[in-house]
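*Asks:* Just a sequence and a predicted model for now, questions to come.
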Protein chains: 2
Amino acid sequence: MDPKLKNAMAQAAELVESAIARLLPTTDLPEAVLYDAMRYGSLGGGKRLRPFLVLTSASLFGVGEECAVRTAAAVEFVHCYSLIHDDLPAMDDGDLRRGRPTVHRQFDEATAILAGDGLLTFAFEVLADPATHEDPNVRCQLVAALARAAGPHGMVGGQMLDLIAEHETFDMGTVTRLQRMKTGEMIAFGCEAGAILGKAGAPQRHALHAYAHDLGLAFQIADDLLDIEGTEAETGKGVGRDAVAGKATFVSILGRDRARAQAEMLSRQAVSHLEIFDGRADLLKAVAEYVVTRRA
Amino acid sequence: MDPKLKNAMAQAAELVESAIARLLPTTDLPEAVLYDAMRYGSLGGGKRLRPFLVLTSASLFGVGEECAVRTAAAVEFVHCYSLIHDDLPAMDDGDLRRGRPTVHRQFDEATAILAGDGLLTFAFEVLADPATHEDPNVRCQLVAALARAAGPHGMVGGQMLDLIAEHETFDMGTVTRLQRMKTGEMIAFGCEAGAILGKAGAPQRHALHAYAHDLGLAFQIADDLLDIEGTEAETGKGVGRDAVAGKATFVSILGRDRARAQAEMLSRQAVSHLEIFDGRADLLKAVAEYVVTRRA
């Protein structure tokens, strides 16, 4: 990985880690186990790609760190809730996540359901708080955009499609739509959040939107490739599950070589949308290159 | 039930029913089953107490119907999501809700988890939309207050306590806190939402808050009484489940007679907080009487 990017991602991960720990303190209340499960499911791991995109896009518009970090934490809460629910026995039935037992394995199923519900709800509490931005219009835009990205028209709808994919054969168009909803919309929100926080103009918002669109698809194709090429030790989660479940993926439809070529084309296309920022978006360019070359 | 109240509740239920149907239209998208499950879990039943409280409190401050109805629907989405998740096998394992199979029985477990997640997320999308209120500050207050009422400090935390209650013996103080979090905070939000929408002054907000606090506890004690005294045909859901689970409830701690007396005292106390509205809050008074005398 580009050393500058590596450094910036590590810094972003540290910032969001401490923000999560601060926003979700441990407690000695009788329901402490709920907070323990929420912390377990959101602290200590992951690439923190979405928070990184929030912080990096926010820095393009001179957004204050506290605003950006709170928004980054909210996005990560939603991402982590989705992983917790996705890992449940009735869903993907995952035992391992980020190299550790999944939340329902470490605690129990009921606690995992509630920890997910709690993280999702808390994300909106964080965004609606005046500490996230002084302008209530900005906060409302963040709430509305995150809810759209995470809800039935976005991530939740994508999860539903993903379940249907186990017993129906999707064509390339439907797989693209599935992936765009399941992971693309949240990645796009990460990029657009900075523009919302910074009250950016339409051309810059559109550029980030187009960048995020391509980045999200490239990311997902790379994920599909990792699912068949990666090892459990590298990815920290079970691999080969899509093939076992008989799901149509970019790789199963296009084949490995064309899938890899497609991911690389999307990565270059993502970078091309950033020209409007005159070289100030080097980190976003580097991340578009990184997502298609990563090994985990 | 007081005929005026009966009429007003029926009218409110109809308004929120059509708002839900409008906000969640059927679709022929490949993920249509998600919308079917969300509609199944939120349409066609229930007392619609929380929407009624939103509409009635909003009418005290001359709030426009569209604003109030959208907010009422959002509160009901959150209430219905909580029922769907609460009924899951890993939680209360309910087969029957509002006289029909629960969502995971009618569809499947994964779809029920996603339908709940979708309703919760969509509630915030509805509240943050300018159609709910022209003032973004009002919308942010609604989002923040609903997230607090529904999240770890409110409903989700109360659900966690409720699970813990199955294997720990709680005292009266903890049972009161549990119920306040599990159902009280959402009922309180229903009452306060009208004041937020109407930009009411502090004394009126405080009066509604105090009313809602007492109403919520009275409601819950009555619920505990129904759990041992009601029949499945009357309540439309399984009864006697708390006793079977060995959970401490107001009734198990206080006994039936003292529990009933406590509920009636709280109902009268709730009514007393409404004096500030000079007889304009008769419906809220009637509802406080209704919740402790209802049979379902």
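*Replies:* All right, it came through fine. Residues are numbered from 1 along each chain as shown, chains lettered A, B, ... in the order given.
*Asks:* which SSE is the closest residue to A:Pro152 other than its chain neighbours in?
*Replies:* In space, not counting the residues next to it along the chain, A:Pro152 is nearest to B:Gly118; the distance is 4.4 Å by Cβ to Cβ, 6 or more residues apart in numbering or on different chains. Any C-beta I mention is one placed from the backbone N, CA and C, and that applies to glycine too. Taking DSSP states H and E as the criterion, B:Gly118 maps to helix B:109-128.
*Asks:* any idea of the mean pLDDT for the very next helix or strand once past that helix?
*Replies:* Using DSSP H and E, the helix or strand that follows helix B:109-128 towards the C-terminus is helix B:136-150. Computed over helix B:136-150, the mean pLDDT rounds to 98.
*Asks:* those helices in the stretch 1-150 of chain A, which residues are they?
*Replies:* Using DSSP state H, counting those that start in this stretch, the helices of the stretch 1-150 of chain A run over A:3-23, A:32-42, A:49-59, A:65-86, A:103-106, A:109-128, A:136-150.
*Asks:* between those helices, which gets nearest to B:His273?
*Replies:* Of all the helices of the stretch 1-150 of chain A, helix A:109-128 sits nearest to B:His273, with 26.5 Å by Cβ to Cβ.
*Asks:* Export the closest one to CSV, keeping only CA atoms.
*Replies:* C-alpha atoms of helix A:109-128 as CSV (Å, rounded to 0.1, in the frame of the first residue of the first chain):
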residue,chain,number,x,y,z
GLU,A,109,-28.0,-14.3,19.5
ALA,A,110,-30.5,-12.1,21.4
THR,A,111,-27.7,-9.8,22.6
ALA,A,112,-26.3,-9.7,19.1
ILE,A,113,-29.7,-8.6,17.6
LEU,A,114,-30.0,-5.9,20.3
ALA,A,115,-26.4,-4.7,19.9
GLY,A,116,-27.0,-4.3,16.2
ASP,A,117,-30.3,-2.4,16.8
GLY,A,118,-28.6,-0.3,19.4
LEU,A,119,-25.7,0.7,17.2
LEU,A,120,-28.0,1.6,14.3
THR,A,121,-30.2,3.7,16.5
PHE,A,122,-27.3,5.4,18.2
ALA,A,123,-25.7,6.4,14.9
PHE,A,124,-28.7,8.7,14.3
GLU,A,125,-28.5,10.1,17.8
VAL,A,126,-24.9,11.0,17.2
LEU,A,127,-25.6,12.7,13.8
ALA,A,128,-28.6,14.7,15.1
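*Asks:* Report the spatially closest residue to the residue of the stretch 151-296 of chain A found nearest chain B, excluding sequence-adjacent ones.
*Replies:* Distance from chain B to each residue of the stretch 151-296 of chain A (Cβ to the nearest Cβ) is smallest for A:Gly151, at 3.7 Å. In this structure, A:Gly151 finds its nearest non-sequential neighbour in B:Thr121, 3.7 Å apart by Cβ to Cβ, 6+ apart.
*Asks:* Identify the residues contacting the residue positioned nearest the centre of chain A.
*Replies:* The centroid of chain A falls nearest to A:Arg50 when counting by Cα atoms, centre = their mean (4.6 Å). A:Arg50 makes contact with A:72, A:75-76, A:79, A:186-187, A:189-190 under the criterion Cβ atoms under 8 Å, 6 or more residues apart in numbering or on different chains.
*Asks:* for these, which one is nearest B:Pro89?
*Replies:* Looking across the contacts of A:Arg50 and measuring by Cβ to Cβ, the closest to B:Pro89 is A:His79, at 25.8 Å.
*Asks:* Mind pulling the model confidence for the closest one?
*Replies:* A:His79 is given a pLDDT of 97.
*Asks:* Distance check, the closest residue to it other than its chain neighbours against B:Arg205.
*Replies:* Sequence neighbours aside, A:Arg50 is the residue nearest to A:His79 in space, at 5.5 Å (criterion: Cβ to Cβ, 6+ apart). Applying Cβ to Cβ, to the nearest Å, the value for A:Arg50 to B:Arg205 is 36 Å.
*Asks:* One more: A:Leu49?
*Replies:* Distance from A:Leu49 to B:Arg205, by Cβ to Cβ: 41 Å.
*Asks:* the more surrounded of the two?
*Replies:* Taking neighbours as other Cβ atoms under 10 Å in any protein chain shown, A:Leu49 and B:Arg205 compare with A:Leu49 leading, 24 against 18.
*Asks:* doesn't A:Gly190 make contact with the more buried one?
*Replies:* Yes - assessed by Cβ atoms under 8 Å, A:Leu49 is found in contact with A:Gly190 at 7.4 Å.
*Asks:* Roughly how far does A:Asp108 sit from A:Cys67?
*Replies:* For A:Asp108, the distance to A:Cys67 - Cβ to Cβ - is 37 Å.
*Asks:* Also A:Ala112?
*Replies:* 31 Å.
*Asks:* quick revisit: just the pLDDT for the residue nearest to the centre of chain A.
*Replies:* 96.
*Asks:* Residue ranges in the stretch 51-200 of chain A under the pLDDT threshold?
*Replies:* In the predicted model, the stretch 51-200 of chain A carries no residue with pLDDT under 70.
*Asks:* quick check, distance from the biggest helix by length in chain A to the centre of its chain.
*Replies:* In chain A, taking DSSP state H as the definition, the longest helix is helix A:202-229. Mean-position distance between helix A:202-229 and its chain equals 11 Å (Cα atoms, centre = their mean, to the nearest Å).
*Asks:* What of stretch A:94-101?
*Replies:* With Cα atoms, centre = their mean, you get 17 Å for stretch A:94-101.
*Asks:* ok, and for it, which residues are buried?
*Replies:* A:94, A:97-98 (16 or more other Cβ atoms under 10 Å in any protein chain shown).
*Asks:* and these as TSV, adding distance to chain B?
*Replies:* Shown next, in TSV, are these (distance: Cβ to the nearest Cβ, whole Å):
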residue	distance to chain B
A:Gly94	13
A:Arg97	17
A:Arg98	21
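*Asks:* ok, so of these, who is nearest A:Ala147?
*Replies:* When these are compared for distance to A:Ala147 (Cβ to Cβ), A:Arg97 wins out at 24.6 Å.
*Asks:* And the pLDDT at A:Ala259?
*Replies:* 94.
*Asks:* and the angle from the helix or strand containing it to helix A:202-229?
*Replies:* Assigned by DSSP H and E, A:Ala259 falls within helix A:256-272. Using axes from the mean of the first three to the mean of the last three Cα atoms, to 10 degrees, the inter-axis angle of helix A:256-272 relative to helix A:202-229 is 160 degrees.
*Asks:* Let me see the mean pLDDT of the helix or strand that comes right after helix A:256-272.
*Replies:* Moving toward the C-terminus from helix A:256-272, the next helix or strand (DSSP H and E) is helix A:282-291. When pLDDT is averaged along helix A:282-291, the result is 95.
*Asks:* residues of helix A:282-291 that come out buried?
*Replies:* Result for helix A:282-291 [16+ other Cβ under 10 Å]: buried residues A:283-291.
*Asks:* could you dump those residues to CSV with distance to A:Thr56?
*Replies:* CSV is the format used below for the buried residues of helix A:282-291 (distance: Cβ to Cβ, whole Å):
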residue, distance to A:Thr56
A:Leu283, 5
A:Leu284, 6
A:Lys285, 10
A:Ala286, 10
A:Val287, 7
A:Ala288, 12
A:Glu289, 14
A:Tyr290, 12
A:Val291, 13
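*Asks:* Let me know the closest of those residues to A:Leu161.
*Replies:* The closest of the buried residues of helix A:282-291, once distances to A:Leu161 are taken by Cβ to Cβ, is A:Val291, at 21.7 Å.
*Asks:* Ignoring the adjacent residues along the chain, who's closest to that closest one?
*Replies:* A:Phe219 (4.5 Å).
*Asks:* Surely that neighbour touches A:Thr183?
*Replies:* Yes - shown here, A:Phe219 and A:Thr183 form a contact pair, counting by Cβ under 8 Å, at 6.6 Å.
*Asks:* before we move on, the earlier item: mind checking how far the residue nearest to the centre of chain A is from A:Ala123?
*Replies:* 11 Å.
*Asks:* I appreciate the help and will end here.
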